[in-house]
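> sequence unknown, structure follows:
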């Protein structure tokens, strides 16, 4: 899992591409994002979408020097479920 850098003032998109692992004839039926830790001034979800098997989240804010895990939880039309995470370190850039 890679550690990605994000400025506290930036709102950036991050994505999980589910097509390569599951979508051979299946589709993403539901996609939700969680952030750990949840804290005052921390990274928050400014928006999310799923299209063509790619789940995207827009992450905004964050406390400089803190590390956050953004986890995408999905359910597929077939009934399968899975999760993938992106790890962000917030740094003033």
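Yes, it's here. If you're wondering where the values come from, they're calculated on a predicted model, not measured in any experiment.
> Now the residue of the chain positioned farthest from its centre. Its backbone dihedrals?
Computed with C-alpha atoms, centre = their mean, the residue of the chain farthest from its C-alpha average is residue 25, at 23.7 Å. Note on residue 25: backbone dihedrals following degrees, to the nearest 10 are phi 90, psi 0.
> And the pLDDT at it?
What the model reports as pLDDT for residue 25 is 81.
> heads up, I number from 282, so please use that
Sure thing, new numbering starts at 282, so read that last one as residue 306.
> How many neighbouring residues does residue 364 have?
Counted with other C-beta atoms under 10 Å, the neighbours of residue 364 add up to 11. Every residue, glycine included, has its C-beta placed from N, CA and C.
> which residues does it contact?
Residues counted as contacts of residue 364 (C-beta atoms under 8 Å, 6 or more residues apart in numbering) are 352-355.
> What distance do you get for it to residue 328?
19 Å (C-beta to C-beta, to the nearest Å).
> Also residue 362?
23 Å.
> Kindly report the same for residue 308.
For residue 308, the distance to residue 328 - C-beta to C-beta - is 21 Å.
> Let's check: the centremost residue of this structure is which one?
residue 351 (4.5 Å).
> Excluding sequence neighbours, find me the nearest residue to residue 284.
Spatial nearest neighbour of residue 284, excluding adjacent residues (C-beta to C-beta, 6 or more residues apart in numbering): residue 368 at 5.2 Å.
> give the contact list for the one you found.
282-285, 348-351.
> For residue 321, state which of those is nearest.
Of all the contacts of residue 368, residue 321 sits closest to residue 349, with 13.4 Å by C-beta to C-beta.
> separation between that closest one and residue 305?
Distance, residue 349 to residue 305, by C-beta to C-beta: 32 Å.
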